[in-house]
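[1] what's the 3D shape of this:
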Amino acid sequence: MLSGSYIMTTTTPPWLAHVLEVTTGALIALDSHGRIVGYNTSAHQLFAPADGTTAGIALPNALHEGVRRVLSGDTTRAQGELAVAGQRVGYTVRPAGSQPFGERIVFVNAQRVESGGDFLAIAAHELKTPLTAIKGGTQLLQRRVTRGESPMSDRDIELLQLVAGQVDKLTGMVDNLLEASRLVRGGLEIKLEMQNLSDVIQNIVQEFAVPPGATLAASDRVVHARYDPHRVTQIMRALLQNAADAKPTEPVGVSVRATGSTAQVTVADTGRGIVPEDEPHVFKRFYRGVGAGTHLGLGLYIASELVRLQDGQMWLSTTPAKGTTVSFTLPCA
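    Got it, this is the predicted structure:
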């Protein structure tokens, strides 16, 4: 039975259906007898029978063997690579991290990898497995609290919200790892089209919850550019988050203007700024400068690479203790 972005059997428990729904990568769930009880559409796309005439998914023998080893207690995790339809697929078999008493579910996570493997993608894949279970359980508990099905004290609700926030933060880090791996492999898709840039930037500023008081300077006219809206949204979210982290209580200025053959977007904060020794390195992958918080050093790297892939440029100017201004251009034709 197809439901949203996941496929259930008649025995799929509700908590598992939620995990399958929120997981973006290929995920298959099996019960204590090795029977499939649910999988998402990413798993169906990866393991659908080659002839297209059979419903469901066809798991290679290596995966069945990995499931058997985990269920029998021979190992707590089985992983490796195998060939599926001429492509290399990396997989991990492990017990579900959180499940109701009396149930025993095994997860199989899988994704296509380069023939030589990709450390960033595999690392992100490994991190995403436990995060998915934690996030699914947290969201399910939040829904129950909202509906009054699981009464909690105000303190416990605050702790639940804190956990949910930290899970979202970790999920963002993992997503950055995956994006960085795609950039390294050259596997990132860019769809350029000519359209209004002013409205898109304004919508992003209005929708982004942080920082409070972010303002968009009015431009003298509507600015059009050739860009990928999804990628520009990624860029702006990274820049706005950096600005919020620099000084979360102060407004951030965002402006869009035409500069000859390009459109220029600027994000300016009044935060701590960047020390001179860090400034030449801020766009490097995994660079974490003085005063770096809990991040991987990928935000500006990914943003600058996304700008480059759209035939633009990114740069910044900064003064320690006074603030940082990051600008990027996109072609107008």
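[2] mind checking how far the closest residue in space to residue 204 that isn't next to it in sequence is from residue 299?
    Closest residue to residue 204 in three dimensions, ignoring its sequence neighbours and counting by CB to CB, 6 or more residues apart in numbering: residue 236, at 4.6 Å. (C-beta placed from N, C-alpha, C; glycine too.) According to CB to CB, to the nearest Å, residue 236 and residue 299 sit 12 Å apart.
[3] who does the closest residue to residue 279 other than its chain neighbours bridge with?
    Spatial nearest neighbour of residue 279, chain neighbours left out: residue 318 (6.2 Å); criterion: CB to CB, 6+ apart. Beta-bridge pairing of residue 318 under DSSP bridges involves residue 324.
[4] what about the residue nearest the centre of the chain, which helix or strand?
    Here the mean C-alpha position of the chain is nearest to the C-alpha of residue 175 (CA atoms, centre = their mean), at a distance of 2.9 Å. Assigned by DSSP states H and E, residue 175 belongs to helix 154-185.
[5] swap in residue 68?
    Residue 68 is part of helix 61-72 when elements are defined by DSSP H and E.
[6] tell me which residues are up against that helix.
    Contacting residues not belonging to helix 61-72 are listed as 30, 32, 34, 75-80, 82, 91, 93-95, 104, 106, 108, 110 [CB atoms under 8 Å, 6 or more residues apart in numbering].
[7] repeat that with 6 Å
    Counting by CB atoms under 6 Å, 6 or more residues apart in numbering, the neighbours of helix 61-72 from elsewhere in the structure are 30, 34, 75, 78, 82, 93, 106, 108.
[8] which one of those sits in the busiest neighbourhood?
    With neighbours set by other CB atoms under 10 Å, the maximum within these is found at residue 93, which has 27 neighbours.
[9] contact partners for that one?
    Residues touching residue 93, when contacts are defined by CB under 6 Å, 6+ apart, comprise 66, 67, 70, 78, 108.
[10] confirm it sits in a strand?
    Yes: in this structure, residue 93 lies within a strand as judged by DSSP: H, G, I helix; E, B strand; the rest coil.
[11] and the residue lying closest to residue 78 once chain neighbours are set aside, how many neighbours?
    If the residues on either side of it in the chain are set aside, residue 78 comes closest to residue 66, at 3.4 Å by CB to CB, 6+ apart. Burial measure for residue 66: 24 neighbouring residues, criterion other CB under 10 Å.
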